[in-house]
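Undergrad: From the sequence below, what's the structure:
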Amino acid sequence: LNSADIKYTPTDGTVTLKKAIIRYTEENYNKLVAPENVIVSNGAKQSLSVLMQAIINPQDEVIILTPYWVSYPEMVKIAYGVPVIVTPEDGGVHPRIKEIDENVGSYTKAIIVNSPCNPSGAMFSEEFIAGIVEYCEKKKIYLIMDDIYSQLIFDGRTRISPYKYAKEDSDHSRLVVINGVSKQYAMTGFRIGWTIANPQVVEAMDNIQSQTTSCPSALLQAAAAGALTGIQSHIESLRLTLENNRNVLLQELNTLDGLRTYKPDGTFYCFPDFSAYNKDSRALSEFLLEKVLVVTVPGVEFGMEGHLRLSFCGTIKEIKEGVERIKWALDPNAPNEIFIGDRKLVRDWL
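TA: Numbers count the residues shown, from 1 in each chain. Take a look at the predicted model:
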């Protein structure tokens with residue numbers, strides 16, 4: 001602000017930020033990319049949306065793995081593509097290449113992989129990442145890695161770089177990696193994300209972005225560059241806090257009979273199966289909001305009915321109180337009265 005360097009920037013991002021992203025990619029993925037492989041957008045969400053518009057033609061299909069982030073299918077539809085939802089046959093949260101292969105056809109243009117996954121927190125195995133990279137290269141389809149949560153992983157696990165398994169290293173590679181500052185740096189409102197892709201894809205995205213949002217904010221790009229090149233210890237501090245929060249949430253959820261919960265490997269989400277209480281996740285979510293003021297997201301929005309997405313990025317007190325309210329609302333064995341703030345509520349529906 002003091003330098004008045006607040007004019008339009010290049011559509012694909014400032015030189016300073018792109019250098020920081022190149023350095024970040026080399027340090028975290030062991031992959032050296034060129035400036036022409038990088039485009040900065042207004043958040044990873046815009047990165048994904050513009051990417052879809054750049055690579056999808058009408059009726060092209062995009063494989064989306066259940067459970068999925070709610071925006072994936074809509075982004076594909078906006079680009080006049082067709083989302084193809086692949087649900088694990090075992091009802092779990094880990095995809096299998098066999099199930100993906102059964103849904104790939106002549107119109108398949110891309111596969112989206114989000115690991116760790118929003119909403120489940122599941123981190124896919126190294127075997128799966130290696131296999132899906134090889135599969136997409138063999139089939140000549142785009143592999144889109146949404147890596148926005150890749151620094152927020154637990155239990156001693158480490159990031160899996162898809163580049164480690166990529167044999168196609170030319171300017172025609174169909175491997176695309178999306179990332180941003182929102183999650184690992186807790187800068188959600190800064191809206192800075194980026195795409196690493198081949199030069200042809202980046203050029204197409206640049207053309208689309210220039211006609212829609214011109215460029216990301218100069219000020220916020222400077223902030224993102226500062227985050228990427230500054231002290232990184234706070235990422236580990238955030239990760240440790242979230243891991244502890246996850247442990248507390250799981251401990252509290254285990255007191256609910258009939259609840260099935262996958263232990264999140266990362267992110268700050270948990271995706272329990274509440275089917276034992278109500279198979280209609282929208283109705284259950286609305287019920288919990290109305291009765292006990294607990295905000296959840298219905299699992300049906302992520303492609304898995306009966307589940308609810310819970311966030312554990314609040315305080316320990318908020319996590320414990322939230323689960324206590326859920327238990328009071330659903331468990332007939334819970335005490336019949338509860339205080340929410342200074343209000344005393346008496347349960348009259350169980």
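Undergrad: okay, CA-based contacts and neighbour counts for the rest of this
TA: OK.
Undergrad: And the pLDDT for residue 5?
TA: Looking at residue 5, its pLDDT is 80.
Undergrad: Apart from its neighbours in sequence, what residue is nearest it?
TA: Closest residue to residue 5 apart from its sequence neighbours, by Cα to Cα, 6 or more residues apart in numbering: residue 218 at 7.4 Å.
Undergrad: quick one: the one you found and residue 182, what's the gap?
TA: Counting by Cα to Cα, to the nearest Å, the gap from residue 218 to residue 182 is 17 Å.
Undergrad: before we move on, what about residue 347?
TA: 39 Å.
Undergrad: Between these two, point out the one with more neighbours.
TA: Between residue 347 and residue 182, residue 182 has the larger neighbour count (other Cα atoms under 10 Å), namely 19 against 15.
Undergrad: quick check: domain ranges of this structure?
TA: 15-229, 233-339 (automatic domain parsing).
Undergrad: measure the longest one end to end?
TA: Same thing as domain 15-229. Using Cα to Cα, one end of domain 15-229 lies 14 Å from the other.
Undergrad: Quick check: pLDDT value at residue 182.
TA: 97.
Undergrad: let me fix that: residue 57
TA: Reported pLDDT for residue 57: 98.
Undergrad: With residue 17 instead?
TA: pLDDT, residue 17: 98.
Undergrad: ranges for the helices of the stretch 251-350 of the chain?
TA: Per DSSP state H, counting those that start in this stretch, the stretch 251-350 of the chain carries helices over the ranges 281-292, 316-330.
Undergrad: Please tabulate the domains of the chain in a markdown table and include distance to residue 2 as additional columns.
TA: Output for those, formatted as a markdown table (distance: least, Cα to Cα, whole Å):
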| stretch | distance to residue 2 |
| --- | --- |
| domain 15-229 | 11 |
| domain 233-339 | 27 |
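Undergrad: how would you label the most centrally placed residue in the chain: helix, strand or coil?
TA: Taking Cα atoms, centre = their mean as the criterion, residue 118 is the residue nearest the geometric centre of the chain, at 4.4 Å. Secondary structure, DSSP: H, G, I helix; E, B strand; the rest coil: residue 118 is coil.
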